[in-house]
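Engineer: A predicted structure for the sequence below; I have some questions about it.
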Amino acid sequence: MSLSDPIGDMIARLKNSQMRSHKKVELPSSKFKTKIAEILKSEGYIVDFEVKAENNKSNLQISLKYNSGNPVISSIERVSKPGRRVFSSAESLPKVNNGLGIAIISTPKGVMTDIDARKQKVGGEIICKVF
């Protein structure tokens, strides 16, 4: 099955799983999705993630995090889509909810948060906003 927007699919699966209070969500894996999961884990939005390989297909299994029954990720939204790419310089990177949330940026130096991109003075494509 070919997807036109695999990152959008990942975000939709995360949202839907949290709405139904699932403990884990499983989706097709890629290096880019793994990097996004690494950032979500380091920022404390998910518990853990694991890449499992079965029959020449690797799956990414994400353990979701809840705080007193409510999901830790209150909103996650895709910014740059295949039809409309959104790029930003280091100076004009968005602050999500006055710095309480993060934006995940794909830069020439790798995938990182907006805070790290500002520190390294590098811009790039804004993948999604998480709060």
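Structural biologist: Nice, thanks for sending it over.

Engineer: host element of residue 32?
Structural biologist: Assigned by DSSP states H and E, residue 32 belongs to helix 31-42.

Engineer: mean confidence for that helix?
Structural biologist: Per-residue pLDDT over helix 31-42 has a mean of 98.

Engineer: please work out which residues outside that helix touch it.
Structural biologist: 6-7, 10, 27, 46-49, 51, 60, 62, 73, 102, 104, 106, 110-113, 127-128, 130 (Cβ atoms under 8 Å, 6 or more residues apart in numbering). The C-beta positions use only the backbone N, C-alpha and C, and glycine is treated the same way.

Engineer: of those, which belong to strands?
Structural biologist: Members of the contacts of helix 31-42 lying in strands (criterion: DSSP state E): 27, 46-49, 51, 60, 62, 102, 104, 106, 110-113, 127-128, 130.

Engineer: ok, residue 20 to residue 14 distance?
Structural biologist: Per Cβ to Cβ, to the nearest Å, residue 20 is found 11 Å from residue 14.

Engineer: who's more crowded, the two?
Structural biologist: Neighbour tally, residue 20 and residue 14, criterion other Cβ atoms under 10 Å: the higher count belongs to residue 14, 25 against 8.

Engineer: hang on, that one packs against residue 22?
Structural biologist: No. At 9.9 Å, residue 14 does not count as touching residue 22 under the criterion of Cβ atoms under 8 Å.

Engineer: need the overlap of contacts for these two.
Structural biologist: Common neighbours of residue 14 and residue 22, counting by Cβ under 8 Å, 6+ apart, are residue 64.

Engineer: spatially central residue for the chain, please.
Structural biologist: In the chain, the residue lying closest to the centroid (Cα atoms, centre = their mean) is residue 36, at 4.3 Å.

Engineer: point out where this protein drops to low pLDDT.
Structural biologist: Filtered on pLDDT under 70, the chain yields the residue ranges 1-2.

Engineer: domain assignment for it?
Structural biologist: 6-71, 76-130 (automatic domain parsing).
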